[in-house]
Each structure stands twice: as C-alpha cells, then as structure tokens.
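Asker: 3D, please:
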Amino acid sequence: MAYLLRKYPEHTVASALSLIQESRPIAEPNDGFMAQLELYKEMGCPRDIEAHPRYQRWLYRQEVDVALAAGMAPERVRFEDEETQEGGISEGNEIELRSLTSGYFSRTLATSPYLITHLPSASKTAPTPSPKSPIASLDPPPDHVACTHHFLHPLSWMRPALDQGLLNGRLECPNQKCLAQIGRYAWQGMRCSCGIWILPAFSLQKGRVDEITKRPEKVQSQGAGKDGFGVASVGAADESGGIRLPPGMRGKGNL
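Answerer: Predicted coordinates for the structure are as follows:
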C-alpha cells in the first residue's frame, strides 16, 4: 500500500486498500497500520521516513504513551525548539508569548509554531476517553468559559522542571532573577478552563504572560522590512533617494 501511495499520489489510503482488495479480498490491515499509512500520506510519502520531523514526533508520542501506561514520566523529553521543524511559512498572524513576572528582563517563552491550538468545548456532558480526553470520570465545567491557558509543546526553557522526572509540576519563569510560577505541566493530561483535555499538557497562565500579535502587512517593495512584519509603507521615496514631497513642492530645489 505504501508503494501505491508513493507511485500514484492521487490515491488515498482507503482507495489504495480497495485496489489491493480487488485481487486479494482477505487483505484487512489493522487500525494501527492504517494510521501509520495515513501519516505517511500526510508527510508526502518521503523516501527517508525516519528523518521526517512529523514521523519523529509520532515515534516520540509512542514513547510517551508507553511511559504513561506504566504510570511514569517519559525518560526522554523532546524539546521542540531543539528539533528540526517542518518547512512552510504561515500566512496568519505571528504570536509571541513573553513572561510578565520578570519586568524589564522578560524573555520570549514561545512563538506560534510551538503553540497548541484547540477549540473550546460547548458540550456539558462528561467527556469520553480518547487521546485528547483520557480522563472521563471528572465532571466538565458547568458552563462554557473562555480559555485561561496557553498550551505549548515542550520547550528547552522547561528543562529544569522536566528533568526531575515527575508526572506533573510547576513551570517557572526561566529568568534566574525571577523564577516565579507561570504555569504547570502534566504528562497525564490537563483540562483547560474551556473543557478540552490536552495530553500531555504544558500550560502557561494567560494572566502571567504577555501575548504579542504581529500581523503581516501588504507593503510596497520599497517599504518592506527584513521580516515583512509591522512595516507600513506611508510613501515611497523618490528616485533621488530623498523624502517624497507633495506635488506642488517637487522640482523647485527643495529638499
């Protein structure tokens, strides 16, 4: 099936299976194998699967699941900001989170690629067990409320906390002059105030961080900055490199 997906990109996993079953009706791959084929298709059917960031993330998730099944934190932590990221440029807003607890010495805690987005749950019934909702015995919040947490992938500034090998604990400001609590983590999962469970969970309290949104702007070629963010082109410079002047002041020996 993997060969068919790579040789004939127009096929989906389901259509490739149907094609095989035409000549071998007893072919019935298990759910785990089908899930891996779906991942392979989403990755673009690469030749070197093991080098692909998404596959490496999938393998690590298996390690985490095995550790949690034994009631332990994983022996190895994959810090996403130290790993090779997938290519591609986001066309949306860039979000940056900075600590509010260390004043002038605040530092960037996370940017958009490391944020985990989720949609608030409007359901008032108890959640069912799933990879995103592993604990079904807890009652959901009585009413739908806004999210009060930012959820992140594990990042290198969390190393002092995660190296302790605990299932859950607090996340502190990485500034050594501050070390105030700004969030918490739980390998076994955590429910956001909106009702959604995230597993594993690395959470920052919104009241403890400053969220800065950078909106990419459509700018003229002369007015674009290096990063393309936040640069407004009010008026292009004239051909001589001077300041663009109103029409009535041009060509009269003015600046």
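
Asker: use CA for all of it now, contacts and neighbours both
Answerer: OK.

Asker: dump the residue contacts of K41.
Answerer: 5, 12-13 (CA atoms under 8 Å, 6 or more residues apart in numbering).

Asker: and it, what's its pLDDT?
Answerer: K41 is assigned a pLDDT of 91 by the prediction.

Asker: quick check: G183 is in a helix.
Answerer: No: under DSSP: H, G, I helix; E, B strand; the rest coil, G183 falls outside any helix and is assigned strand.

Asker: and it, how many neighbours?
Answerer: The number of residues packed near G183 is 21, by other CA atoms under 10 Å.

Asker: grab the nearest non-local neighbour of it.
Answerer: Take G183 and drop its neighbours on the chain: the residue closest to it by CA to CA, 6 or more residues apart in numbering is L204, 4.1 Å away.

Asker: name the helices or strands packed onto whichever strand or helix holds the one you found?
Answerer: When elements are assigned from DSSP states H and E, L204 belongs to strand 201-205. With contacts defined as 3 or more CA pairs under 8 Å, 6 or more residues apart in numbering; DSSP states H and E, strand 201-205 has these neighbours: strand 149-152, strand 181-186.

Asker: just checking: what are the partner strands of it?
Answerer: strand 149-152 (antiparallel), strand 181-186 (antiparallel) (DSSP bridges).

Asker: adding mean pLDDT and distance to I20, write the helices and strands packed on strand 201-205 out as JSON lines.
Answerer: Listed next are these as JSON lines, based on pLDDT from 0 to 100; distance: least, CA to CA, whole Å:
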{"stretch": "strand 149-152", "mean pLDDT": "92", "distance to I20": "41"}
{"stretch": "strand 181-186", "mean pLDDT": "95", "distance to I20": "43"}
